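Undergrad: here is my input, please return the structure:
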Amino acid sequence: MEKPATTDHPIHDVLRVRWSPRAFDPRAVEPDKLLSLLEAARWAPSSSNEQPWHFIVAAQATSMGLMAHQMAGFHRDRAREVFAIPVGHEPVNVIAVGYPGDPSTLPDDLQRRERRPRERKSLAEFVYAGRWGHTAPLVE
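TA: Purely as a prediction, here's the structure:
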């Protein structure tokens, strides 16, 4: 299943074709592909080069044919407990990585969400000039 973005302005094709599916194939992701993803994350920019991130790979039975679905809606306290996250570290999101699956395996409400077109807020809704809430003339 493909869901390319319909954009108002040209963007890189890597961004245009990526999306966050809800249905995943049950096959395991190969270690070399996981290592490539983690290596890319390691080289992501960070403020003052602090590199504050930590990753926990919890395995179960795009250009690599993999898909990712990032989510902030998870139980932080349960994540701390299950993954023994020490005090002073805050779990901020979960990313499911795997091969695309069959949307028909999802509950009806998620199937509808999976099949509908991708949507994004307009630039005018979040690009400001000078101060918060004043839409930048560039995007009007």
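
Undergrad: contacting residues for the spatially most central residue of the chain?
TA: For the chain, the residue nearest the mean C-alpha position is Gln70 (3.3 Å; C-alpha atoms, centre = their mean). With contact taken as C-beta atoms under 8 Å, 6 or more residues apart in numbering, Gln70 is in contact with Ser20, Asn93, Val94, Ile95. The way it works is simple: take the backbone N, C-alpha and C, and place the C-beta from them, glycine included.

Undergrad: looking at the residues you listed, state which has the most neighbours.
TA: For those, the largest neighbour count, defined by other C-beta atoms under 10 Å, is 16 neighbours, found at Val94.

Undergrad: where is the longest helix in this protein?
TA: Ranked by residue count, the top helix of the chain under DSSP state H comes out as helix 31-42.

Undergrad: so how far is that helix off the chain centroid?
TA: 15 Å (C-alpha atoms, centre = their mean, to the nearest Å).

Undergrad: and for stretch 3-19?
TA: 15 Å.

Undergrad: got the buried residues for it?
TA: Arg18, Trp19 (16 or more other C-beta atoms under 10 Å).

Undergrad: can you show me the helices along the chain?
TA: Under DSSP H, the chain gives helices at 13-17, 31-42, 76-83, 108-115.
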